[in-house]
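Enquirer: Provided below are the primary sequence and the corresponding predicted coordinates.
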Amino acid sequence: MTLQIEPIGTVVGGRTEVSDDNWGGVECIIRLDPKFPLEVVQGLDEFSHLIVTWHFSQASPADVALHARSPRNNPRWEPSGTFAHRNHRRPNQLATSFPRLLKVDGLDLQVTDLDAVDGTPIYDLGPYFQEMGPQGEIHEPAWPGEMLSEYWAES
């Protein structure tokens, strides 16, 4: 089955260039499509964080890599498969982020810590429910912590 979806909004402002690090403190607006009635955001301002699904729109389909490789091509880290990474080399080139919601102004959602650049299409969003977060003990290899140590640093 093929799923056809359309963007529900666009990132406005914030960073204009893709970068591997220094996303901390970046503020932008998720501007929802004006075809939606204002009621679609009713009650959203009571939540601190969102779950946002967006598209790596500046990536090329040629960037997709369906093989094991070292994260950021750093040979210090063991190769891992496409689905062990969270980058644009995925088959559908979709991402999920958890930005803080600062303000709801009509269909404009002011957020911070959304690691998507100006012009990025947004395909879905919703509030983050703590109860729907990970259950049980969380574990991961060492490389994500090493690789992302500067990810949320301010530029």
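Expert: Nice, I can see it. Residues are numbered from 1 along each chain as shown.

Enquirer: For the chain, just list every one of the helices.
Expert: For the chain, applying DSSP state H gives helices covering 143-147.

Enquirer: any idea where the strands of it begin and end?
Expert: Taking DSSP state E, the strands of the chain run over residues 9-12, 27-32, 50-55, 94-97, 100-105, 108-112, 121-127.

Enquirer: TSV for these, including mean neighbour count, mean pLDDT and distance to Glu137?
Expert: C-beta: built from backbone N, CA, C; applies to glycine. As requested, the strands of the chain are exported to TSV (neighbours: other C-beta atoms under 10 Å; pLDDT from 0 to 100; distance: least, C-beta to C-beta, whole Å):
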stretch	mean neighbour count	mean pLDDT	distance to Glu137
strand 9-12	19	98	34
strand 27-32	20	98	32
strand 50-55	20	98	22
strand 94-97	16	97	21
strand 100-105	15	98	25
strand 108-112	19	98	29
strand 121-127	17	98	25
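
Enquirer: List just the one of those that sits closest to Gly145.
Expert: Nearest to Gly145, of all those, is strand 94-97, at 18.2 Å by C-beta to C-beta.

Enquirer: Listing partners with orientation, what would you give for that closest one?
Expert: strand 50-55 (antiparallel) (DSSP bridges).
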